[in-house]
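Visitor: For reference, the sequence and a predicted model appear below.
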Amino acid sequence: MTRKFPSPPSVTVASLLAWAVQVLGPTSTTPRLDAEILLAQVAGWSRARLLAEHRTVLAPAQAESFAHLVARRANLEPVAYLVGHREFYGLEMVVDPRVLVPRPETELLVDLALAAIAAMPPSPPLLVADIGTGSGAIAIALAVHAPSCHLYATDISADALEVAALNAARHQVAHRVTLLQGDLLAPFSDPHSGSPGPLFDIIVSNPPYTILDEIDAGVARHEPSLALDGGPDGLHLYRRLIPQALRSLRPGGCLLLEIGATQAEAVVMLARAAFSSPFPSCACRVHRDLAGRDRVVAIALACEA
Ligand code: SAM
Ligand code: GLN
């Protein structure tokens, strides 16, 4: 239920912002930023212009739209859903409640994938898979920044793939991003021949890995649980994803997995367990994000002798 708030006191930009900061203070860690983004959206201005126009009086209908967005934000809806987009790796991605809001910490996965791509010969075009693509953020950032690659992006959610298709078109990479619906890497395998499908140079994934009881109320209330729920220990998806992905990598290929801050050891153990015969040996490395938390496990397959 949306709570009812008193109407904003008057309609200058400054007074609307001050009012919203007071309303959002108890529930948001960034009340001023939230208020500025929402008011800029309503006014159709940049945040910089908003601040320059702090004495400008807005129309009552604009003040009302703003008050409505502030009430939704106070109910913990992500700002990205309220404005309909979120920047990821310098690219504006359309987002709505069908997809997880791309997180800044996931940019590390893109950095590492781009470094791995740069270390491989560019022809023939590299094959890269993004498993659980959601908004398509990772696959599209890779397609934009690595023109030598063809991306295959899967998701079990047809709704999410509609958003990913919008983003691929928006960033003009739809011809290099193939979207496929299904469970993990199943869309690549041929049920008749039993073939696992193409061998990829790089596979990346930010799978659901949270323990639902442990996440922020706003995330749990508004973002799709299909995108978050990693089962009782958070590792549910990795158990199936790691062996499937390793079978679908070429020798010398690389699997990059986003993880929760406490999951590195368990995920490395799952990778090592999957590396009994017939796989060649592998090297696992844990990478930390800017906050110093374990964030990505990189599993590099040995090249064939
Ligand atoms: N890649 C996006 C990102 O980093 O912002 C979204 C990541 S979100 C944490 C996980 C995604 O995996 C969701 O879009 C969800 O629908 C998808 N997913 C969940 N279970 C899946 C499965 N069994 N097979 C394929 N995708 C799955
Ligand atoms: N980082 C997300 C969060 O904070 C979780 C994403 C995931 O489960 N892969 O909730």
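Guide: Everything's here; your move. Numbers count the residues shown, from 1 in each chain. Ligands and ions are numbered 1, 2, ... in the order given.
Visitor: Pull stretch 161-172 out as CSV, backbone CA atoms only.
Guide: Listed in CSV are the C-alpha atoms of stretch 161-172, where the atom choice follows Å, rounded to 0.1, in the frame of the first residue of the first chain:
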residue,chain,number,x,y,z
LEU,A,161,14.6,-10.9,-22.7
GLU,A,162,12.1,-8.3,-24.0
VAL,A,163,13.9,-5.7,-22.0
ALA,A,164,17.3,-7.0,-23.2
ALA,A,165,16.1,-6.8,-26.8
LEU,A,166,15.1,-3.1,-26.3
ASN,A,167,18.5,-2.3,-24.9
ALA,A,168,20.4,-4.2,-27.7
ALA,A,169,18.4,-2.2,-30.3
ARG,A,170,19.0,1.1,-28.4
HIS,A,171,22.8,0.5,-28.4
GLN,A,172,22.8,-0.7,-32.0
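Visitor: got the residues of this structure near ligand 1?
Guide: For the chain, the contact set with ligand 1 under CB under 6 Å from any ligand atom comprises 99-100, 102, 106, 132-135, 137-138, 154-157, 160, 183-184, 206-208, 226-227. For every residue, glycine as well, the C-beta is placed using N, CA and C.
Visitor: Is the spatially closest residue to residue 130 that is not a sequence neighbour within a helix or a strand, and which one?
Guide: Using CB to CB, 6 or more residues apart in numbering and skipping the chain neighbours, the partner closest in space to residue 130 is residue 139 (4.0 Å). Remark: residue 139 resides in helix 137-145, with elements defined by DSSP states H and E.
Visitor: So for the longest helix along the chain, what gets flagged as buried?
Guide: For the chain, the helix reaching the highest residue count under DSSP state H is reported as helix 60-74. When neighbours are counted by 16 or more other CB atoms under 10 Å, the buried residues of helix 60-74 are found to be 62, 63, 65, 66, 67, 69, 70, 71, 72, 73, 74.
Visitor: One more: stretch 206-219?
Guide: Within stretch 206-219, the residues that count as buried by 16+ other CB under 10 Å are 206, 207, 208, 209, 210, 211, 219.
Visitor: Relative to residue 185, how far out is the spatially most central residue of the chain?
Guide: The centroid of the chain falls nearest to residue 102 when counting by CA atoms, centre = their mean (3.0 Å). According to CB to CB, to the nearest Å, residue 102 stands 22 Å off from residue 185.
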